[in-house]
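Undergrad: Just the structure for this:
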Amino acid sequence: MKKTKRILALIGAILLLLLYVVAFAATVLDHTSDMRYWKAAVAATIIIPVLIWAYSFVYRLLKGSDKDSDDVNKNKADASDKNDSLHK
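TA: All right, here's what the predicted structure looks like:
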């Protein structure tokens, strides 16, 4: 799971970098007055990371994060160990 997250983070970083390169190229190469390609690249640079964060946030809310479930399972195991030692 950790390796998958790293790969996805690297892909996301590369995509964001490409968006900045496209925005720069659009600024230099687009000689129209409205500069719609530059505006689209800048909007995508802002919107895409926000959407990724929102999707991951909703996913964690619906599924429950692995870290939280590991902590809960560890606490349950610790509590049962304490109860077992008290009853002996």
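Undergrad: what are the ranges of the helices in this structure?
TA: 2-29, 36-63, 66-87 (DSSP state H).
Undergrad: Those helices: lowest mean pLDDT?
TA: When the helices of the chain are ranked by mean pLDDT, helix 66-87 comes last with a mean of 56.
Undergrad: on that earlier part again, TSV for the helices of the chain, including mean neighbour count?
TA: (Glycine included, C-beta is placed from N, CA and C.) What follows is the helices of the chain, written out as TSV (neighbours: other Cβ atoms under 10 Å):
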stretch	mean neighbour count
helix 2-29	12
helix 36-63	12
helix 66-87	10
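Undergrad: Could you find the closest non-adjacent residue to V22?
TA: Ranked by Cβ to Cβ, 6 or more residues apart in numbering and with sequence neighbours excluded, the top spatial neighbour of V22 is A41, at 4.7 Å.
Undergrad: List the contacts of that neighbour.
TA: For A41, the contacting residues are L19, Y20, V22, A23, A26, by Cβ atoms under 8 Å, 6 or more residues apart in numbering.
Undergrad: so which of the residues you listed comes closest to I46?
TA: If you rank those by distance to I46 using Cβ to Cβ, L19 comes first, at 9.6 Å.
Undergrad: any idea how far the closest one lies from R6?
TA: Distance of L19 to R6, given as Cβ to Cβ, to the nearest Å: 20 Å.
Undergrad: which residues touch stretch 42-49?
TA: For stretch 42-49, the surrounding residues in contact (Cβ under 8 Å, 6+ apart) are G12, L15, L16, L19, Y20, A23.
Undergrad: brain fart, stretch 15-26
TA: M35, Y37, W38, A40, A41, V42, A44, T45, I48, P49.
Undergrad: go with 6 Å
TA: Y37, W38, A41, V42, A44, T45 (Cβ atoms under 6 Å, 6 or more residues apart in numbering).
Undergrad: circling back: and the contacts of A41 as TSV, adding distance to Y55?
TA: Converted to TSV, those look like this (distance: Cβ to Cβ, whole Å):
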residue	distance to Y55
L19	18
Y20	22
V22	22
A23	23
A26	26
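Undergrad: which of those lies closest to A54?
TA: Using Cβ to Cβ, the contacts of A41 come closest to A54 at L19, 17.7 Å.
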